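Enquirer: dropping the sequence and predicted coords here.
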Amino acid sequence: MLTLVYGGCSSGKSSLAEELLQGITDATEKIYIATMWPEGRDAEKRIQRHRSARAHKGFTSLECYTDIGSLVVPPGSAVLLECIAGLVANEMFQPQGAHEAAEEAILGGIALLAAQAKHLIVVSNDVGADGFAYDEGTLAYQNAIAALNRELCALSNCAIEMVCGIPVFLKGGETWRL
């Protein structure tokens, strides 16, 4: 089962996704895939804060910055992929990323994870709604995230938009009890 949790910055999407993962009782293992690239002091601090926050939640944490299709997860597992925006940045702009094929690499990787796991929860960001004009690279980044969000919503069994901390079911509302 594929669930998309989508929303703006600090909307509560990550907290909801973790809550959903914790509530799954029929998984062989719970896995948290973190995609934040550890570049710079601020990123390192944030990653440490996230690791500490997850430490006692019963997840196995994996850090994967590119090529999520190479990951192998146990059959019957529940997986949380956090988050598409970081993964897109890594695939587009890091030397080992897929660059122009970023969207295809990410969708293919998600398909492989979904085929292995019993539950896959994917977190993504709402970008591009601020009305500002950006340079070509930033616009390409925003467009890639938007395209992936459309694809993932279409493929998902359940899609939830977080709005000011409130989950709004776009589809599959009967899937989760909140």
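Expert: Received, thanks.
Enquirer: contact partners of the helix ranked longest in the chain?
Expert: Across the chain, the longest stretch assigned as helix under DSSP state H is helix 136-155. With C-beta atoms under 8 Å, 6 or more residues apart in numbering as the test, helix 136-155 has contacts from 2, 4, 6, 84-85, 88-89, 92-93, 102-103, 106-107, 110, 122, 124-128, 134, 159, 170-171. The C-beta positions use only the backbone N, C-alpha and C, and glycine is treated the same way.
Enquirer: how about the helix or strand bottoming out on mean pLDDT in the chain: buried residues?
Expert: Least confident element among the helices and strands of the chain, by mean pLDDT, DSSP states H and E: helix 41-54 (a mean of 76). Neighbour counts using 16 or more other C-beta atoms under 10 Å place 50, 54 of helix 41-54 among the buried residues.
Enquirer: ok, residue 27 - contacts?
Expert: 76-78, 118-119.
Enquirer: rerun that using 10 Å as the cut-off
Expert: By C-beta atoms under 10 Å, 6 or more residues apart in numbering, the residues touching residue 27 are 21, 74, 76-79, 117-119.
Enquirer: between those residues, which is nearest residue 53?
Expert: Closest approach between the contacts of residue 27 and residue 53, by C-beta to C-beta: residue 21, at 13.2 Å.
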